[in-house]
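In: I would like the atomic coordinates for the input below:
(2 chains)
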Number of protein chains: 2
Amino acid sequence: MAVYTEVGDEDLVRFAAEYDIGEFLSCKGIAEGIENSNFTLNTSTGNFILTLYEKRVDAKDLPFFLGLMDHLDAAGIPCPTPVHGRDGEALRQLCGRPAAIFTFLSGMWPRRNTPEHAAELGRAMAEMHLAGADFPMTRANGLSLESWRPLLAQSGDRVDEVTPGLAKELNGELDALEENWPEGLPGGVIHADLFPDNVFFRDGRLVGMIDFYFACTDMFAYDLGICLNAWCFEPDRSFNITKARRLLTAYRKVRDFSEAELTALPLLARGAAMRFLLTRLYDWLYTPDDALVTRKDPLEYLIKLRFHREITSPAEYGLE
Amino acid sequence: MAVYTEVGDEDLVRFAAEYDIGEFLSCKGIAEGIENSNFTLNTSTGNFILTLYEKRVDAKDLPFFLGLMDHLDAAGIPCPTPVHGRDGEALRQLCGRPAAIFTFLSGMWPRRNTPEHAAELGRAMAEMHLAGADFPMTRANGLSLESWRPLLAQSGDRVDEVTPGLAKELNGELDALEENWPEGLPGGVIHADLFPDNVFFRDGRLVGMIDFYFACTDMFAYDLGICLNAWCFEPDRSFNITKARRLLTAYRKVRDFSEAELTALPLLARGAAMRFLLTRLYDWLYTPDDALVTRKDPLEYLIKLRFHREITSPAEYGLE
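Out: Just a heads-up that it's a prediction; the model follows:
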């Protein structure tokens, strides 16, 4: 839950004058998003989301994120669309921070996801990957392979506090990932953070994908690896092969993946597990106890990483 | 900011079946209300507020609060109206807690309040006091005179940590309040917590009063005392006599107060200052540093209490 900046009534009246979306009737901080302050904005023409970008998002990246959402929306991908002001701009300042208004997406994220959710996700992610093909901007993935050793180093000599032997295991993993990380696989814009709480459903249908603030240019199959981890393990940490099969099969119907992508998938999923393990590890060790953010267990991702390390054939992901 | 209970998508689907307000489209936790968990609920017929009552509200009091809001709404007072389910009930269970849905009020609370806001408030409060006259239920004010010595005792021997001599001054004040507390003044339902963040305005007009969870049966003039404290002191803690005059004059146009009420007003305002001083004092001393709630300075209310102690005539509140 996070609302870092309070937006006052007078601030909002001034801000409203820049837009053509009716009279601003109310604005309430919502417990959504960790990086930004978010508000539901109710105007005489409907509901919107107001986002204020806090320090954790680099302002230089905002044109990429907003441009991407504009682009995906134009291609029919269900994502928040930036509302452009009377001057044509979507990004402006409010309370000293970069701010933008977005269309409101209905739907709720699934607390208990099913194979049907996974299939919907696979289809929608493939459509998003295809729709991003002609998006002209690029943004390097700041949380990929090159960042992992420095990230691990940031956790310093406290890594083994989480579980004995963790530092050694992660260093060995990084050796393997660096040695085998694939090159030349199909890529483009990926979401890179498509966890269940970023995907809205209504009556079992996917109706929205939100939070594009980790989106970047990288291999498509890496996005699949992230989703295998985020959607296909049960609360008891067992792998649900049915969900994986439905996710990958639905994806492949929209954008077929090559043999090379399929072969690389276990390694990419290991890398994806490493990425979330490392950021969680740092947060686990160094987030103050009084922070508003809930710390997530890094060991959940160690178990996922080990699972993918043992994969020897696509059949273990449910594919023929 | 507070959302203590997370409401899942499946919980909400089951809950929606009890109501006749359209398809539930989204539900987002909002940073509003300290006692409860609140959500903006968007359905195919419009926006609503969903409230889950957490431990700090006594479930026995809920029929009073909800009944009062129903009653005031029927009398044209702008307050949240409980939405009754298909079975006629407004109060039911969700996620193991008492829960209710309310109409959505537009407007924003004024961060910088003006004499015009004070006048609007005075008028609306008087209308609310009159509208409550034929409300059949009663609820004792659990935070009035009798509660103050026990409340002070709860802060124990740490009171002087806030400022030296505070315990002595407060004990002397309690002596004076107990000796002089008026009886027999006109009374009925009061809001008892009508701070600026509980009053919504739109284009300078009062369009909503919320958060009736301290409402109780007490002297009307005590509600005025609370509002003199909450609305008529500036950020530098000076008293703004113009705001007080506008508040009291606008109130009196709707419900004239007696000479006895006017005479008692300084003492009631002292008591109102004592009430908020004491709860803030306890929270200041005993709220854990990692709590989600922002602690408020109890000394702000000591200054207000002292101000009212020196009042010798209604002219000092701006009245003739």
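In: what is the helix or strand where A:L151 lies packed up against?
Out: Assigned by DSSP states H and E, A:L151 belongs to helix A:145-154. Applying 3 or more CB pairs under 8 Å, 6 or more residues apart in numbering or on different chains; DSSP states H and E, we find helix A:145-154 packed against helix A:166-180, helix A:259-286. (Glycine included, C-beta is placed from N, CA and C.)
In: just want the angle from the helix or strand following the longest one to helix A:166-180.
Out: So the one you mean is helix A:259-286. For helix A:259-286, the following helix or strand on the C-terminal side (DSSP H and E) is helix A:299-309. Here helix A:299-309 runs at an angle of 40 degrees relative to helix A:166-180 (axes from the mean of the first three to the mean of the last three CA atoms, to 10 degrees).
In: closest one to chain B among the helices and strands packed on helix A:145-154?
Out: Between chain B and these, the shortest gap by CB to the nearest CB is with helix A:259-286, which sits at 15.5 Å.
In: what packs against the closest one?
Out: Looks like helix A:259-286 contacts helix A:145-154, helix A:166-180, strand A:216-219, helix A:220-231, helix A:299-309 (3+ CB pairs under 8 Å, 6+ apart).
In: next one: the shortest one to chain centre, how far?
Out: Here the centre of mass of C-alpha atoms in strand A:216-219, compared against the chain's by CA atoms, centre = their mean, to the nearest Å, lies 12 Å away.
In: then the first one?
Out: Mean C-alpha position of helix A:145-154 versus that of the full chain (CA atoms, centre = their mean) differs by 19 Å.
In: only C-alpha atoms, please: export it in PDB.
Out: C-alpha atoms of helix A:145-154 as PDB (Å, rounded to 0.1, in the frame of the first residue of the first chain):
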ATOM      1  CA  LEU A 145      22.000 -10.500 -16.300                       C
ATOM      2  CA  GLU A 146      24.600  -7.700 -16.000                       C
ATOM      3  CA  SER A 147      22.800  -6.200 -12.900                       C
ATOM      4  CA  TRP A 148      22.700  -9.400 -10.900                       C
ATOM      5  CA  ARG A 149      26.300  -9.600  -9.500                       C
ATOM      6  CA  PRO A 150      26.100  -5.900  -8.400                       C
ATOM      7  CA  LEU A 151      22.700  -6.600  -6.900                       C
ATOM      8  CA  LEU A 152      24.000  -9.600  -5.000                       C
ATOM      9  CA  ALA A 153      27.000  -7.500  -3.800                       C
ATOM     10  CA  GLN A 154      24.600  -4.900  -2.400                       C
END
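In: touching that helix from outside, list them.
Out: Helix A:145-154 is touched from outside by A:143, A:159, A:167, A:170-171, A:174, A:177-178, A:181, A:271, A:274-275, A:278-279, A:281-282, with contacts defined as CB atoms under 8 Å, 6 or more residues apart in numbering or on different chains.
In: Produce a ChimeraX select command limited to the buried residues of those.
Out: Here is the ChimeraX command that selects the buried residues among the contacts of helix A:145-154 (16 or more other CB atoms under 10 Å in any protein chain shown):
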select /A:143,159,167,170,174,177,181,271,274,275,278,279,281,282
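In: enumerate every residue touching A:A176.
Out: Contact analysis of A:A176 by CB under 8 Å, 6+ apart lists A:R270.
In: typed the wrong thing, it's A:T279
Out: Taking CB under 8 Å, 6+ apart, we find A:T279 in contact with A:143, A:151.
In: need the pLDDT of it.
Out: If you check A:T279, the pLDDT there is 94.
In: against A:L68, how distant is it?
Out: Taking CB to CB, to the nearest Å as the measure, A:T279 falls 22 Å from A:L68.
In: and the helices in the stretch 1-150 of chain A, which stretches?
Out: Using DSSP state H, counting those that start in this stretch, the helices of the stretch 1-150 of chain A run over A:9-16, A:62-74, A:115-131, A:145-154.
In: burial count for A:K55?
Out: By other CB atoms under 10 Å in any protein chain shown, the residues close to A:K55 number 9.
In: how many neighbouring residues does the residue lying closest to A:P182 once chain neighbours are set aside have?
Out: Spatial nearest neighbour of A:P182, excluding adjacent residues (CB to CB, 6 or more residues apart in numbering or on different chains): A:A264 at 4.2 Å. Applying other CB under 10 Å, we find 22 residues neighbouring A:A264.
In: so how far is A:A192 from A:A264?
Out: Distance from A:A264 to A:A192, by CB to CB: 17 Å.
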